[in-house]
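Trainee: let me see the structure of the following:
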Amino acid sequence: MPRHPTYAPSVSGMSASVYSTLAERLSRKAGEVYPLHVGDTWMEPPEGCRMEDFRVAEHPGMHRYAPVQGLPGLLDTIVERVRARTGVPTEREEVLVATGGTGALGAVMGALVAPGEEVLLLAPYWPLIAGIVTAVNGRPVPVPFLDCDGPEALVEAVRERLTERSVALYLNTPNNPTGRVLPRAWMEALAELARREGLWLLSDEVYEGYAYEGEHVYARALAPERTLSAYSFSKAFGMAGNRCGYVVGPAEAVAQLRKVSTHSFYSAPTAAQLAGQRALEGPGDAWAAEAAALYREVGAKAAARLGVPSPEGSTFLFLDVSASLDDRGLPGLLERCVERNLLVAPGPSFGPFPHHIRLCFTCSPPDVVLRGVEALAQVLGR
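Mentor: So this is what the prediction gives:
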């Protein structure tokens, strides 16, 4: 018998919010508020790269569909950038422009993961990735790495969770939410593990320009035959609202990704692609360097006030708050934060971390963020 109209079981069990159900309450609060739960920037994109800078007279067709793979000019610019940064020979056929890093990784999972197959996620992880795996009827498998003291321990943590259903390993560096930058030895060990076990290596590198300590190691340079790397103009140049990013990988795999993208978002917004191309060709890198200096400074100040190490990269701090929890647990702590006009993201959004919170130190101007950090420090008793 056909089943009665209902909802997909894989989606019914998903949370509608990956951060907090308290956001609506914060919107009703009087006075200054501190929405430190959202990963965004207070900075506008580079001058000349904003929507107000594009006119139909100069860009006829900017409100029409773009080619499904991406605008030819943007593809060529991306190819040149990837070659220069990774040292890996790259052609247009190995690039897909997508609706942000989210759309890129959605296309990756849709193309590579069959129902019931498992994707190993280095945890803590970007909070949308588990839901993306679940939405294609895959199974996300967290691999906690906070306690790993070297590449051998990290590889062992992954191996312990490998099964015959494992098809891919996802990593995110510089990391959201921890602010860590995975060292080269760790990346090399993961690439070798993926090669040995026949796994796809899915590398989320949207914070590539925001490594404050150490180097950002490009995964594709280590295992180009099995690596798909995602990037985002949202994080690179303050263009989150434009919804544009891209993914780079083997041409055969990207051809499969294009099938998924065509039947989901079809093509990334044309005007957003124009803005991304202009940023890459012009003021984007200078803007990112200025942003990185500002981010690093406010991140260090926030970390110092909260008594934790400065972030090595990205725009986040991930705090163990177990010593500050009462009998209400983490929900009680989040309630106390809202009473101070403050929102932070709960640890379980990032994996099995019921005693952690994440804060973003770039979501508002630095003075506002630091006042929010002071409120959090008082809630935590620090």
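
Trainee: just to be sure, Ala194 is in a strand?
Mentor: No: looking at Ala194 with DSSP: H, G, I helix; E, B strand; the rest coil, it is helix, so not inside a strand.

Trainee: list the residues that contact it.
Mentor: 169, 200-201, 223, 226-227 (Cβ atoms under 8 Å, 6 or more residues apart in numbering). Heads up, the C-betas are built off the backbone N, CA and C, glycines and all.

Trainee: same question, Met239
Mentor: 45, 49, 233, 272, 275-276, 279.

Trainee: CSV for the contacts of Ala194, including pLDDT and distance to Met187?
Mentor: Output for these, formatted as CSV (pLDDT from 0 to 100; distance: Cβ to Cβ, whole Å):
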residue, pLDDT, distance to Met187
Leu169, 98, 12
Trp200, 98, 15
Leu201, 98, 10
Ala223, 98, 10
Arg226, 98, 14
Thr227, 98, 11
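
Trainee: ok, so of the contacts of Met239, who is nearest Phe145?
Mentor: Phe233 (27.8 Å; Cβ to Cβ).

Trainee: hang on, the closest one packs against Ala279?
Mentor: Yes: in this structure, Phe233 is within contact of Ala279 by Cβ atoms under 8 Å, at 6.7 Å.

Trainee: which one of these two has more residues nearby?
Mentor: Comparing Phe233 with Ala279 by neighbour count (other Cβ atoms under 10 Å), the higher total belongs to Phe233, at 30 against 24.

Trainee: which helix or strand in this structure has the lowest average pLDDT?
Mentor: Confidence across the helices and strands of the chain bottoms out at helix 23-27, with a mean of 69, counting by mean pLDDT, DSSP states H and E.

Trainee: and after it, which helix or strand comes next?
Mentor: Going down the chain from helix 23-27, the next helix or strand is strand 34-35, by DSSP states H and E.

Trainee: where in this structure is pLDDT low?
Mentor: Along the chain, segments meeting pLDDT under 70 span 1-3, 17-21, 26-27.

Trainee: spatially speaking, which residue is in the middle of it?
Mentor: Trp126 (5.1 Å; Cα atoms, centre = their mean).

Trainee: quickly note the distance from it to Pro177.
Mentor: From Trp126 across to Pro177, the span is 8 Å (Cβ to Cβ, to the nearest Å).

Trainee: mutual contacts of those two, please.
Mentor: Residues touching both Trp126 and Pro177 (Cβ under 8 Å, 6+ apart): Phe350.

Trainee: quick check, nearest of the contacts of Met239 to Val369?
Mentor: Pro45 (19.6 Å).

Trainee: got the phi and psi for the closest one?
Mentor: Dihedral pair for Pro45: phi -60, psi 170, per degrees, to the nearest 10.

Trainee: neighbours around it, how many?
Mentor: Using other Cβ under 10 Å, Pro45 has 25 other residues around it.

Trainee: you'd agree Ser264 is in a strand?
Mentor: No: Ser264 sits outside any strand when classified using three-state DSSP, being coil.

Trainee: surely it meets Thr102?
Mentor: No: between Ser264 and Thr102 there is no contact under Cβ under 8 Å: 11.0 Å.

Trainee: who has more neighbours out of these two?
Mentor: Taking neighbours as other Cβ under 10 Å, Ser264 and Thr102 compare with Thr102 leading, 20 against 13.

Trainee: where do the strands sit along this protein?
Mentor: In the chain, the strands defined using DSSP state E lie at 34-35, 95-98, 118-123, 139-144, 166-172, 200-204, 227-232, 245-248, 316-320, 342-343, 345-346, 356-360.

Trainee: any chance of the ones you listed in CSV, plus mean neighbour count and distance to Ala286?
Mentor: Converted to CSV, the strands of the chain look like this (neighbours: other Cβ atoms under 10 Å; distance: least, Cβ to Cβ, whole Å):
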stretch, mean neighbour count, distance to Ala286
strand 34-35, 23, 28
strand 95-98, 28, 23
strand 118-123, 24, 32
strand 139-144, 18, 37
strand 166-172, 23, 26
strand 200-204, 26, 25
strand 227-232, 27, 18
strand 245-248, 27, 20
strand 316-320, 22, 24
strand 342-343, 26, 32
strand 345-346, 24, 31
strand 356-360, 26, 23
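
Trainee: please consider this matter closed, and thank you.
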